[in-house]
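Q: turn this into a structure:
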Amino acid sequence: MRTDTRPRPAAAPPGPPPAPVLPGAEALATAISSALGALGALGALGMGAGEPRPAWSGSLRSDGSDGWLGAGGSDAAAGAPGARAANRATSQDRSGTGLGAGGSDVTAGAPGPLASYDANRANGTGRAGSYGSHALNSRTASGGWGPVRVAPLGVRDELAAGQGPEAPSGTDAGPDVPAAPSVRGGRAEQSQLPPAVHVYGHHALVGPFAAGGGEACGTCLVRRWQAVRTRGLREALELGDATRAAGPTPWAQPFAAAALAAVIAAHAAAPAGAEDSTGGFPYAFLVDLETLRTTRFAFVPDAECPRCGERVPDSAQAAAVLPGSSPKPSPTRFRMRPADAYDVPLEAFVNPAAGMLGPSVVPDLVSASTSSTVGSFLLRSGDYLRECFWGGHTPRYRSSVRVGLLEGLERSAGMRPRGRRTQVVASYEELAARTAVLDPRTCGLYSEEFHRAEPGVRPFDPERPIPWVWGWSLRDRRPLLVPEITAYYHAPGGLLNRFVQESSNGCASGGSLAEAVYFGLMEVIERDAFLLAWYGRAPLTEIDGSASTDPHTRAMIDRLAMYGYRARFFDTRITFPVPVVTAVAERIDGGTGRLCFGAGAGLDPEAALAAGLCEIATDAVNLRGRTLREEPRLRAMAADFGEVRVLHDHPLLYGLPEMAAHADFLLRPEHRPGVRRPVVPPAALARDTVAPAGDLREDVENCVAAVAREGFDVIAVDQTTPEQRRLGFHTAGVIVPGLLPIDFGWSRQRALHMPRTRTALREAGLVTHELTAADLNPAPHPFP
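A: As a prediction, the model looks like this:
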């Protein structure tokens, strides 16, 4: 048994891994350096701002006119025989043509295109400036650039080449050839370091370059590039055998070298401030060596980068979550700022070259209710490469994109500790004897039957060492240790090393820690109440949605009715004085796509109802088509609930008409003897609940006190990442030990084995006795 609560010392680096070799790279690097020298020599001819430019100098325009990169014609210096690389601004392009497509335009797929290089925006002259720049001439003539380095991509696992998310701690500091050294500051400092060219197939990445006095790290660039590759390539790189070149690259040619040199030179000659459109993020250029189309893209530095990462050691001192004062715009508004107030440049976070949150964000043009958008990224834990979806659901696509980006950042923060390095590995018994620690058993464990069926998943053992992170008890105002897999739902180590698989339940974000904790706590209360009502078949009071005081709510209810769904709402307050609303979209004709469920919670009853309505309005209009597409599989689930295995199975199952019988306790209460329930307006939920205050900190304190009165603690883990902190954004994971956890997969339902499932409804006065196994709903929950 290994118990070690002290910070783990870094192991001695085993030495740098062998540098991957690109056959022909040396020749290509030499040719690029020579071409740069030729450009500098030609620049020394002293072309002025008003003099004609040779073809190779290339005004990189954003005004729709053609520019030229390496367009040779009769000019021998460029060496590219008539290869045209027009570069138009494409930030508004939504053509979906894919990377490097679009005729003579540079596009990057839709939406989320790469930002085109715009060297003219700063001075408005419509020209990139003269290549007679003395700076360029002096660099090339004196050798200030040094030799240009060329290295391959896609030949080794860059995410495991250092102390990153896919590698154990203490490994070496990362690649030495593919990654350029960190570059900080403006062009004056950058000029002392040679640019790097990374080649994969017929694409080349040129850079990185710093913007706005920041830093540009080559290791970050290659890690981001790999993270956004397709599943097949990532599986091969990360789980397969070593990769070797089948032969020399066909792109080690003079015309390719000249084009890449022209890109580097154009960047050097661009006026100061030309990179401002990146939002201050580092950037690089993507060159298609077949067509010479060139695009610029920004990328987000990687907090887990072994060379420049900003993670700090996790500690009890850093765990304190003490929300400061957060005055609200009004008592019933709980967001400090609207989503549009956060400066989240789409092109930096979502692009097909190195997007932190994936290659693209796609509008859902099928939805007839909301202007939804969706994106996804892949994240590995052990052998499991998980696709994580994020999205926005608002009336306008533009705002849905922004909301989706913030949700994507929240997902990224909650999946693994990116801002801090886990330091404690010990057994529960060892820790419990010395410090405050969360007992994982209070959060629910899988049944013995589950472990017999899944022998590879080891059950919790209080004597087995596991990783722990520091959290903060808001009730007791002290730090305590929390299992890493409880605080982060995709922590490193793989699925088989988790005695439970948590979800994003309780993970929330906001403009302050108080805002993040508030929404995280509301989510935990909401899921607990929903599961208690579903499995306990609780008699709930119906809410009249048409009596809402919010015109947007009433309009959405009417819109759902146009598409054949009746929106129904139910007061789901069980234990706590916090409004919780269960929302159901019921197909009026009783056909396929029968039921769609959602929920919301918050101190404002109207906001809680609107949150549940947003969920069903987004999903219901597509439910019939999705059910028909997967009908054979869903009918197999209806016949054997053991076939319900993943998140999406739960809501889709209730698209089948026959599954509606399991919701009769809620939708057909008249079928239960002696049950008669009134219908109330939303305002009725404000009675006997915590009243909204004028400050979010006070709201949090009042809600924590209400939860504590029922015997529960509220634990918060600050999950904020460096990327979020830069944006003025925070994420917290909220845990309330003892409340029912939301699980996906019928065999994983911890709630069915927890005492609260049988006692809470009686304690709330909703039933007269503790529930038995026969009283519980025998069907999986329908929560999306």
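Q: for stretch 653-660, measure first residue to last.
A: End-to-end distance for stretch 653-660, by CA to CA, to the nearest Å: 10 Å.
Q: ok, residues contacting it?
A: Contacts with stretch 653-660, where a contact means CB atoms under 8 Å, 6 or more residues apart in numbering, come from 590-597, 623-624, 626-627, 631, 634-635, 637-638, 644, 663, 667, 779-780, 782. Yep, even glycine has a C-beta here, placed from its N, CA and C like the rest.
Q: show me the protein divided up by domain.
A: Listed domain ranges for the chain are 25-298, 312-420 (source: automatic domain parsing).
Q: out of those domains, name the one with the poorest average pLDDT.
A: Mean pLDDT per stretch puts domain 25-298 lowest among those, at a mean of 58.
Q: quick one, strands of the stretch 401-550 of the chain?
A: With strands called from DSSP state E, counting those that start in this stretch, the stretch 401-550 of the chain shows them at 420-421, 424-426, 466-473, 478-483, 507-510, 541-543.
Q: walk me through which strands the fifth one pairs with, and which way each runs.
A: Using DSSP bridges, the strands paired with strand 507-510 are strand 730-735 (antiparallel).
Q: what's the spacing between the following helix or strand past the partner strand and its chain's center?
A: Once the chain leaves strand 730-735, the next helix or strand it forms, by DSSP states H and E, is helix 755-763. For helix 755-763, the separation from the chain centroid amounts to 36 Å (computed by CA atoms, centre = their mean, to the nearest Å).
Q: run through who's touching helix 755-763.
A: Applying CB under 8 Å, 6+ apart, the contact partners of helix 755-763 are 531-532, 535-536, 538, 574-575, 738-740, 751, 767-772, 776.
Q: try it again with 7 Å
A: 532, 535-536, 538, 574-575, 738, 740, 751, 767-771 (CB atoms under 7 Å, 6 or more residues apart in numbering).
Q: ditto for stretch 539-551
A: Residues contacting stretch 539-551 (CB under 7 Å, 6+ apart): 533, 553-554, 557, 567-572, 581-582, 606, 609-610, 666, 669, 675, 677-682, 766.
Q: cutoff 8 Å now
A: Residues outside stretch 539-551 that contact it (CB under 8 Å, 6+ apart): 533, 553-554, 557, 567-572, 581-582, 606, 609-610, 613, 665-666, 669, 672, 675, 677-685, 766-767.
Q: stretch 430-438 now?
A: 3, 5, 424, 428, 439, 462, 465, 468, 471, 473, 476, 478-483, 486, 715, 735, 737.
Q: just the buried ones from those, in PyMOL syntax?
A: One line in PyMOL is enough to select the buried ones among the contacts of stretch 430-438; burial here means 16 or more other CB atoms under 10 Å:
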select buried, resi 424+428+465+468+471+473+479+480+481+482+483+486+715+735+737
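Q: what's around Phe641, how many residues?
A: Counted with other CB atoms under 10 Å, the neighbours of Phe641 add up to 15.
Q: what does the one 10 residues further on give?
A: Applying other CB under 10 Å, we find 21 residues neighbouring Pro651.
Q: surely it is in a strand?
A: No - with DSSP: H, G, I helix; E, B strand; the rest coil as the criterion, Pro651 is assigned helix and is not in a strand.
Q: so it makes contact with Phe597?
A: Yes - counting by CB atoms under 8 Å, Pro651 touches Phe597, with 6.6 Å between them.
Q: now do the shared contacts for the two.
A: The contact lists of Pro651 and Phe597 share Pro782, Phe783, Pro784, where a contact means CB under 8 Å, 6+ apart.
Q: and the last one, what pLDDT?
A: Translated: Pro784. pLDDT for Pro784: 94.
Q: now for the closest residue to it other than its chain neighbours: which residues touch it?
A: With sequence-adjacent residues excluded and distances taken as CB to CB, 6 or more residues apart in numbering, Pro784 is closest to Pro651, at 4.2 Å. Pro651 makes contact with Cys596, Phe597, Asp619, Leu623, Pro782, Phe783, Pro784, according to CB under 8 Å, 6+ apart.
Q: then Tyr565?
A: Contacts of Tyr565 (CB under 8 Å, 6+ apart): Ala585, Glu586, Arg587, Ile588, Cys596, Ile616, Ala620, Val621.
Q: quick one: which of those residues is nearest Cys308?
A: Of all the contacts of Tyr565, Cys308 sits closest to Ile616, with 44.4 Å by CB to CB.
Q: how about the closest one, phi and psi?
A: With angles defined as degrees, to the nearest 10, Ile616 sits at phi -70, psi -30.
Q: need the nearest residue in space to it, chain neighbours excluded.
A: Ala585 (4.0 Å).
Q: helix, strand, or coil at that neighbour?
A: Three-state call for Ala585 (three-state DSSP): strand.
Q: isn't it right next to Arg566, touching?
A: Yes - counting by CB under 8 Å, Arg566 is a contact partner of Ala585 at 7.3 Å.
Q: find the nearest non-adjacent residue to Phe597, please.
A: Nearest non-adjacent residue to Phe597, counting by CB to CB, 6+ apart: Pro782, 4.4 Å away.
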